[in-house]
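>>> Need the 3D shape of this:
(2 chains)
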Amino acid sequence: MTIIHSIRFQWLIGLLAGGMSIASSQTLGWSETKFSITAQWISPQKEFGTYWNNGPALGGYAEIPLNHPVSITAIGIVSWHSPAETPRKGSIPQVLLFQLGGGFALSQGLSDGLETSIAVLLVNNAFIMTGPAVRPGFENALESEFGVSFEWSLTMKPESIPPISLHASYQPIFVGLDPVAIISLGLAVGLD
Amino acid sequence: MKFRSIIFTVVIAACSQATAQTILEQRVTDYLRQSSSAVFLSATRYVPVMLGRGYGTWSSPSGGIVLDGMPYDAFLLNLFSPDYAPFEMILADSIEVSHRPSITETGSFPGGMISLKRSEIPDSLVVAGRFYGGSETGDVILQEYTKDNLPFYNRNKIGFSGAAVVSDRIGRFAYRIMGGGFSYFSVGYAERDRILIPYIDLPTFSQPNRNYVGSLEFEFGKDLSIVAGINAFEAWEQAPFLPTFAFFSGALGTVRVSTREIISSVDLFVRSDASSITMRRQLGTEGGHYESSVASLNPVVRLVTAENSKISLPLEITAHAVDVHDQNKQLFDRDIYRTTWSLGLNAEFECSALRGVAQARYEKGLNGSLLRSGGAKIQVRPGGSEKLELNLSTVERAPSLLEMFGTFSTWRFRPALALNDTFRVKGTASLKPTRSSGVELRYERKGSVEFDAIAFYSVTDNLITRRPLSIIRSAFPGDLIFAGQYENIPRRVFGGMEITTRLNWSRQLNAEIRYTYTENLKAQEIPRHQIMIRNTYRLAAHTTALVSVRGTAKTVWPEFAVDPAQDDNAGIGSNGVVGEYWSVDCSFVQNLGSILFAREICARVELQNILNRSFRTIPIGVTSDFAVIGYLSVQL
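I've put the predicted structure just below:
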């Protein structure tokens, strides 16, 4: 746990830095909030990746401008992960992973119609076990763990169609005895 | 200290006055832990028992909870906690702590009191909510399927919690409805605080400590109000009365009616407090169940109600009852009924810079003895910004029904004796009343540098406590088990001081430093030194940061000291010492303004114990560690 906590502490510093970045903000630009829907491919890592497969994900993003180039960003994504081919496969249930998170994003225009951004989000990950392999006593098990997601995105803003973004993220999740992680890759379409 | 002032300290500038009605804190004890020198003691962090300045003991708390001017009297198993009162922070107008023996029109409190006061019902429709949730550590949900023979491991989380309220005033009629739920869990680490884990089994592994609170309030004009409230719970805890850790469920409720001027110069307060607790059977030990109720009729005759002087004559008649089920042999083994009464005299006067209060109370206690209490306060304001106050008080209290008639037995196998040994905690019917007397001298100065100094001295005679007859660490499951009996102990004397300084450096930065020294030679379960430093930074018009540092000196608990020869588990014993501990917390508060239907939304992120220093508040129990907590308050 000590290692987990020391890692966590480093991320906290990053989070605090994110918080400090809103110091200059005065009001939130709610009316300028941008929404987008996303489809992603999520690759579980470490023990999560050993025993569960990659899975598809659907979700949405919201981005609320603070003082440019800083914005608040929020995500809600659900993904499906079937048991991987391991000797334990028969006793491992399918996982529905719900990610709900929020954090700060920093964006930079690259050229007309092209923008990149990086973001740090604190994410609550709810693991819902489903299927016949769920252990007795855990039928309705819904457990959640915090993770810190580091995201990069590249957004194209063509004039004739809604903005399209390429998203990539890495999120360590502080699960139980050993942390796990997920890598996400996907596309998002703006609802402008 | 007034609650509103805290809001301005914690949420300073980030949220407006309107949002100050909703609270970005967890529970009352979380707030008091930051804002007062009260010591909260709990084995699982979240069922705290308050200990004041030596007037009571952990096994026999002597403080009181006062709810809208009337005491709440139906706490169970000496689990004395404002978090178990039928009250919620979202209703709070003020939360005040008095550490000295106190007398009010409706009760006497030898160990001081926590006064919880609801705000007035607003004149128009208000819908508001406050919500929070925190991080988890140690959840093994994935590893349950990927590792063999996985032991139960620490699960430490603050579940999604919150409360909502709706209120309105229609002509002379006003109502307010509140409901909320709170979820906490901390199992502890097998290798360092082996307390809860041995008791856990599959059904209880996912069962957190929970509270569900609700209340209904009705007002008919300004003279009649009716309040009903409930706080239902389930919790793991080392209850002060019991010799063992246990899982409990139950509820504490109240119905109160206040009428002003029911006849000329007479106010009438009626209350009925009731509670019920069930302890689960565990490790071969029978559980138990009992119900407790207190019904009171409390007329107050206002003899003088002038602007500068007031004299009142409070009277009270109270019926106390303990009900048990047939065949119940644990906690209480029979029904008990008692009636008590009291007669008081309160006088207040004020002239220019001088204010005085005198109080006397004569009552019949639960053990039939006649009790005499009295107090006096003199307050002088030599200048506009200075105040000097002297408080003298002496309060006599009878033993509670639990301390007289309670009983609980458990057993553990003793390898050295090759038998099952029984451990019993029991009350003593012949306990004498306790007398707590205190002197408090206070100097307060307002301004850009605020200064508040209190010197206190207390004497307690015939203090009631549980004397340990034997303490062992069991061979299995390795828990501490007590046998003991409630008794009076000789005179105990405490003294000390509390100094608080508030520095308003600028509009952007202010700081508060509070240091409490308690001469604790007679009872070292009270920390000798406590310090709290809080810095508030206004980062922007709607953004505030708060950093606080809390330190507490070591405490010594003979009740938890195990002789090596009595340690059947490891043979090394335990010294019953809780080492000094420090905690650094950090928060950001952001006013998010109005969104859609919400008039105001305010958010707070709190990083508790960011240095991840493991600490506990009593020798047994789980340790606290790092946590992230998010708060949201919404007003429609």
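
>>> any weak-confidence spans in chain A?
Applying pLDDT under 70 to chain A picks out residues A:1-29, A:136-143, A:176-177.

>>> make that the stretch 101-250 of chain B, sorry
B:136-140, B:150-155, B:189-195, B:202-206.

>>> just checking, what packs against the helix or strand harbouring residue B:115?
Using DSSP states H and E, residue B:115 sits in strand B:113-118. Packing contacts for strand B:113-118, counted by 3 or more Cβ pairs under 8 Å, 6 or more residues apart in numbering or on different chains; DSSP states H and E, involve helix B:28-35, strand B:64-67, strand B:92-98. For the C-beta atoms, the positions are set from N, CA and C on the backbone; glycine is no exception.

>>> Not counting the one helix or strand residue A:63 maps to itself, show me its contacts.
Residue A:63 belongs to strand A:55-65 when assigned by DSSP H and E. Contact with strand A:55-65 is made by A:28-30, A:32-42, A:44, A:71-82, A:97, A:99, A:105, A:184, A:186, A:188, as judged by Cβ atoms under 8 Å, 6 or more residues apart in numbering or on different chains.

>>> Pull up the pairing partners for the helix or strand following it, direction included.
Note on strand A:55-65: by DSSP H and E, the next helix or strand toward the C-terminus is strand A:70-81. The partner list of strand A:70-81 in its sheet, established with DSSP bridges, is strand A:55-65 (antiparallel), strand A:94-111 (antiparallel).

>>> Just send those strands back as a markdown table, with mean neighbour count and distance to residue B:393 too.
Compiled in a markdown table, the strands paired with strand A:70-81 are given as follows (neighbours: other Cβ atoms under 10 Å in any protein chain shown; distance: least, Cβ to Cβ, whole Å):
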| stretch | mean neighbour count | distance to residue B:393 |
| --- | --- | --- |
| strand A:55-65 | 18 | 55 |
| strand A:94-111 | 18 | 50 |
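
>>> can you map out the helices along the stretch 51-200 of chain B?
For the stretch 51-200 of chain B, the helices defined by DSSP state H, counting those that start in this stretch occupy B:143-146.

>>> Also chain A?
A:2-20, A:46-51 (DSSP state H).

>>> before we move on, back to that, dump the strands paired with strand A:70-81 into a markdown table; add distance to residue B:625 as well.
Listed next are the strands paired with strand A:70-81 as a markdown table, based on distance: least, Cβ to Cβ, whole Å:
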| stretch | distance to residue B:625 |
| --- | --- |
| strand A:55-65 | 31 |
| strand A:94-111 | 22 |
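
>>> related to what we said a few turns ago, what's the angle from the strand holding residue B:115 to strand B:92-98?
170 degrees (axes from the mean of the first three to the mean of the last three Cα atoms, to 10 degrees).

>>> Name the surrounding residues that touch strand B:113-118.
Under Cβ under 8 Å, 6+ apart, the answer for strand B:113-118 is B:28, B:32, B:38, B:50, B:63-69, B:71, B:82, B:85, B:87, B:91-98, B:102, B:104, B:217, B:227.

>>> Buried ones in it, by neighbour count?
B:113, B:114, B:115, B:116, B:117, B:118 (16 or more other Cβ atoms under 10 Å in any protein chain shown).

>>> mind putting these in a markdown table, distance to residue B:471 included?
What follows is the buried residues of strand B:113-118, written out as a markdown table (distance: Cβ to Cβ, whole Å):
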| residue | distance to residue B:471 |
| --- | --- |
| B:113 | 32 |
| B:114 | 30 |
| B:115 | 36 |
| B:116 | 35 |
| B:117 | 41 |
| B:118 | 42 |
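
>>> Return the member of the residues you listed nearest to residue B:550.
Closest approach between these and residue B:550, by Cβ to Cβ: residue B:114, at 19.0 Å.

>>> residues touching residue B:424, list them.
So residue B:424 contacts B:243, B:407, B:408, B:409, B:483 (Cβ under 8 Å, 6+ apart).

>>> same thing with residue B:576?
Residue B:576 neighbours (Cβ under 8 Å, 6+ apart): B:556, B:557, B:558, B:559, B:560, B:561, B:562, B:619.
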